[in-house]
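*Asks:* have a look at this prediction, sequence included:
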Amino acid sequence: MSNENERQARDRGLAFSAKSQLLSSEDVSRALVRMAHEIIERNHDVSTLSLIGLQTGGEPFLTRIAAILEEVTKVRPLVGLLDVSFYRDDLSLNPVPRVSNTLIDHDLTNRTVVLVDDVLFTGRTIRAALNALTDWGRPRSVQLAVMVDRGHRELPIRADFVGKNLPTSLDEAIVATLDGVWIGTEGAP
């Protein structure tokens with residue numbers, strides 16, 4: 001795992017110890033191309049899409065999927081970044097969340113929003129994202145694209161577009177970046 005990936009894990013409040021690499025950067029790239037094509041197949045008109053990446057893990061995947069969509073369709077979808085820190089239901093457990101900027105410069109009303117994130121786990125971050133989206137309009141529909149679905153859902157949330165399903169145990173952790181996907185353990189820094 002690269003120093004950049006370790007830094008990203010630390011920035012998200014984790015001390016990640018990689019056990020093994022599950023996907024290479026080429027595997028991730030192929031999965032993102034497939035996901036972009038699935039988004040096109042399902043939505044036909046890319047000009048009606050708003051791709052919204054979740055801070056911070058979804059940002060690199062958002063950027064790459066948007067570039068692939070533009071390359072294939074010759075239409076650049078609208079993009080944005082969403083911070084869900086203050087919409088989380090675990091603020092009492094983690095009272096000082098790491099805050100990033102929400103950068104959405106367009107109204108989401110009547111648009112199809114594709115939320116983009118790195119790893120889908122319990123579903124609580126996505127629930128927070130759905131709540132946060134309402135501050136930016138009322139989308140026609142919301143779809144979910146994740147690089148990794150690791151299972152263990154606590155809420156009835158499912159991804160529409162998945163790079164790779166990787167069932168894990170609860171004591172394992174996944175770090176997904178454009179450089180690859182690793183499984184390991186995490187603890188307090």
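*Replies:* On my side now, so go ahead.
*Asks:* which parts of the protein are strands?
*Replies:* Assigned by DSSP state E, the strands in the chain fall at 15-24, 49-54, 78-82, 112-120, 141-149, 161-165, 173-177, 180-187.
*Asks:* so which of those comes closest to Leu130?
*Replies:* strand 141-149 (6.6 Å; C-beta to C-beta). To be clear about C-beta, it is placed using only N, CA and C from the backbone, and glycine gets the same treatment.
*Asks:* any idea which residue sits dead centre in the chain?
*Replies:* Compute the mean C-alpha point of the chain, and by C-alpha atoms, centre = their mean the closest residue is Asp117, 0.2 Å away.
*Asks:* distance of it relative to Lys74?
*Replies:* Distance of Asp117 to Lys74, given as C-beta to C-beta, to the nearest Å: 26 Å.
*Asks:* next, the buried residues of stretch 70-88.
*Replies:* By 16 or more other C-beta atoms under 10 Å, the buried positions in stretch 70-88 come out as Thr73, Pro77, Leu78, Val79, Gly80, Leu81, Leu82, Asp83, Val84, Ser85, Tyr87, Arg88.
*Asks:* neighbouring contacts of that stretch?
*Replies:* 36-37, 40, 46-47, 49-55, 58-59, 62-63, 66, 69, 94, 97-106, 111, 115, 124-125, 128-129, 131-133, 136 (C-beta atoms under 8 Å, 6 or more residues apart in numbering).
*Asks:* in this protein, where's the longest helix?
*Replies:* helix 25-43 (DSSP state H).
*Asks:* give me the distance from that one to the chain's centre.
*Replies:* Centroid displacement of helix 25-43 relative to its chain, using C-alpha atoms, centre = their mean, to the nearest Å, is 14 Å.
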